[in-house]
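Trainee: Here is my input, please return the structure:
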Amino acid sequence: MSTQNKVSLTEKKYTILFFLVCSLFLLWAVALTMGDVLNKHFQDVLNISKAESGLVQFSMFGAYAVMGIPAGLFLKKYGYKKGVQLGLALYAIGAIMFVPASNYLSFNLFRIALFVLAAGLATLETVAHPFVAALGNEKTSDQRVNFAQGFNGLGAILGPLLGGFFIFNETGDGLESVKILYTCIAVFILFYFIVFSLIKVPNLNDPHAEEENSKDKNHNIPLYKQKHFVYAVIAQFFNIGAQAGTWAYFINYAVERMHYTETTASYYFSLSLGLMMIGRFVGTYLMKFIKPNILLAIFTLCNVILCLVVAQDLGMISFISLISLNFFLSVMYPTIFSLGLKNLGNKVHQASSFLVMALFGGAIFPQFMGKIAETNVAHSYYLPIICYIVILLFALKLYKPKSN
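Mentor: Modelled structure (predicted):
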């Protein structure tokens with residue numbers, strides 16, 4: 001049994017701050033999964049194709065590629081608190097930009113709004129992962145990140161629930177409900193900005209860097225020579241590609257293959273994301289007994305099998321498999337992220353930026369899946385299998401940090 005269970009998840013003095021940082025994971029998940037509801041809604045209201053609707057994901061995850069390094073530099077210079085404030089400010093600005101986009105029924109304006117909003121999400125992700133890692137012992141950093149990602153799972157559930165209730169239940173052909181919903185989101189994020197501004201954040205040392213410097217090894221090696229980190233970035237790129245594609249066409253699959261209404265489909269999507277939240281907490285527990293990379297490999301292999309079943313279009317069996325994908329997707333992002341940060345010393349903030357930039361994979365794969373989905377949405381789920389093969393290689397062989 002691992003010694004991780006002998007060390008507390010966080011320290012008592014960090015309890016309030018720990019849960020505030022965990023709540024950030026919830027806030028950006030709401031926005032990300034709401035984008036997948038918008039994907040289908042824009043197809044209907046703005047008369048765009050499935051491939052064109054993939055530009056929703058391109059705009060959002062493209063912001064991660066653009067904002068990753070600037071957010072990391074900002075974090076390094078100004079610290080965790082100001083990094084969170086910057087992310088929340090961009091989040092709120094992007095949300096309020098939905099008002100003019102809705103008024104003009106402009107897909108391009110929506111894409112700009114989504115880009116600004118997602119720049120805020122990218123900043124929050126860049127800051128929050130090393131932030132939550134710093135709130136405790138390095139031995140429990142994998143558990144702590146996965147625990148925080150459980151809140152991300154809760155936010156992922158709320159996104160499609162809000163979207164399904166407010167957006168798909170709208171009468172008429174306009175986007176009034178979208179405008180109202182995102183205005184409310186902007187107001188809430190501004191409120192949260194004020195709350196976080198009033199919280200005192202102590203000086204923190206990232207435990208990965210602390211351990212590395214204490215052993216005095218590898219901390220002068222450039223990131224591009226840290227092979228486990230480079231492979232983690234590649235694995236994360238393909239992981240987010242698989243995730244974004246799976247989410248982007250979930251509602252299309254439920255409507256076209258299962259003949260559900262869009263509202264019902266969005267609720268099933270929320271159920272699926274509920275399994276992701278459960279998977280994160282289950283994964284946190286299992287890591288007390290199973291090495292993180294081995295658990296990652298097991299969950300990845302399960303998704304290869306499930307994608308094969310989904311692509312066969314076997315009715316309810318395939319749909320249950322589609323719903324189940326998110327349970328096994330649950331540990332992939334946080335575990336790849338945490339494994340990639342191992343033994344990087346004082347370069348952990350810079351490394352975090354590149355791992356966030358790897359979310360650009362989510363901008364690429366939905367468009368390819370969309371082109372396949374134009375013909376058969378079930379067959380589009382063959383594409384994520386390529387992504388999972390890359391992740392499996394990382395989990396089994398390429399995750400190990402160089403040791404001197």
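Trainee: So what's the residue count around the closest residue to S352 other than its chain neighbours?
Mentor: Distances taken as C-beta to C-beta, 6 or more residues apart in numbering put P130 closest to S352, at 5.1 Å, once the chain neighbours are dropped. Just so you know, the C-beta spots here come from the backbone N, C-alpha and C atoms, and that holds for glycine as well. A total of 26 residues lie near P130 under the criterion other C-beta atoms under 10 Å.
Trainee: can you give me phi and psi for K179?
Mentor: phi -60, psi -50 (degrees, to the nearest 10).
Trainee: what about it, how many neighbours?
Mentor: Neighbour number of K179 under other C-beta under 10 Å is 17.
Trainee: Check the gap between it and Y104 for me.
Mentor: 11 Å (C-beta to C-beta, to the nearest Å).
Trainee: Check V233 too.
Mentor: Applying C-beta to C-beta to V233 and Y104 gives a distance of 38 Å.
Trainee: Can you pull the poorly scored residue ranges out of the chain?
Mentor: 1-7, 137-139, 141-142, 146, 170-174, 205-220, 403-404 (pLDDT under 70).
Trainee: Go through it and flag its longest helix.
Mentor: Criterion DSSP state H: the longest helix present in the chain is helix 50-96.
Trainee: so where do the helices sit in the stretch 251-400 of the chain?
Mentor: 262-286, 292-311, 316-329, 332-340, 348-357, 361-373, 383-393 (DSSP state H, counting those that start in this stretch).
Trainee: Might you report the residue contacts of N152?
Mentor: 25-26, 28-29, 277, 280 (C-beta atoms under 8 Å, 6 or more residues apart in numbering).
Trainee: how about a cut-off of 10 Å?
Mentor: Contact analysis of N152 by C-beta atoms under 10 Å, 6 or more residues apart in numbering lists 22, 24-30, 32-33, 125, 128, 146, 273, 276-277, 280, 330, 333-334.
Trainee: for F193, same thing?
Mentor: F193 neighbours (C-beta under 10 Å, 6+ apart): 84-89, 91-92.
Trainee: For those residues, which entry has the maximal number of neighbours?
Mentor: Top of the contacts of F193 by neighbour count (other C-beta under 10 Å): G87, with 30 neighbours.
Trainee: who's in contact with it?
Mentor: 24, 27-28, 67, 71, 74-75, 119-128, 189, 193, 196.
Trainee: Pick out whichever of V233 and Y104 has more residues nearby.
Mentor: Here V233 and Y104 are compared on neighbour count by other C-beta under 10 Å; more neighbours surround V233, at 19 against 12.
Trainee: my guess is that one contacts A358, does it?
Mentor: Yes: counting by C-beta atoms under 10 Å, A358 is a contact partner of V233 at 4.8 Å.
Trainee: what touches both of those two?
Mentor: By the contact definition C-beta under 10 Å, 6+ apart, V233 and A358 are jointly contacted by 336, 340.
Trainee: isn't F238 right next to I386, touching?
Mentor: Yes: counting by C-beta under 10 Å, F238 does reach I386; the two are 7.5 Å apart.
Trainee: overlap in contacts of these two?
Mentor: Common neighbours of F238 and I386, using C-beta under 10 Å, 6+ apart, are F365.
Trainee: Next one: the residue lying closest to L204 once chain neighbours are set aside from G79, what distance?
Mentor: Distances taken as C-beta to C-beta, 6+ apart place A134 nearest to L204, at 4.1 Å, with adjacent residues excluded. A134 sits 11 Å away from G79, going by C-beta to C-beta.
Trainee: of these two, who's got more company?
Mentor: Using other C-beta under 10 Å as the criterion, A134 and G79 rank with A134 on top: 24 against 15.
Trainee: Quick one: residues contacting W28.
Mentor: 87-88, 91, 117-118, 120-125, 128, 152, 155-156.
Trainee: From those, pick the one nearest L55.
Mentor: Distance to L55 across the contacts of W28 (C-beta to C-beta) is lowest for A118, with 12.7 Å.
Trainee: ok, that closest one - how many residues close by?
Mentor: A118 has 30 neighbouring residues, counting by other C-beta under 10 Å.
Trainee: surely it meets A71?
Mentor: No: counting by C-beta under 10 Å, A118 sits too far from A71 to count as a contact (11.6 Å).
Trainee: Name the residues contacting each of those two.
Mentor: 64, 90, 125.
Trainee: between those, which is nearest F166?
Mentor: Among the shared contacts of A118 and A71, and counting by C-beta to C-beta, the member closest to F166 is L90, at 22.9 Å.
Trainee: State the distance from the closest residue to that closest one other than its chain neighbours to A92.
Mentor: With sequence-adjacent residues excluded and distances taken as C-beta to C-beta, 6+ apart, L90 is closest to G120, at 3.1 Å. G120 is 7 Å from A92, where distance means C-beta to C-beta.
Trainee: Just among the shared contacts of A118 and A71, which is most surrounded?
Mentor: E125 (27 neighbours).
Trainee: elements contacting whichever helix or strand that one is part of?
Mentor: Using DSSP states H and E, the element containing E125 is helix 107-133. The contact analysis (3 or more C-beta pairs under 10 Å, 6 or more residues apart in numbering; DSSP states H and E) places helix 107-133 against helix 15-45, helix 50-96, helix 98-104, helix 141-162, helix 176-197, helix 207-215, helix 332-340, helix 348-357.
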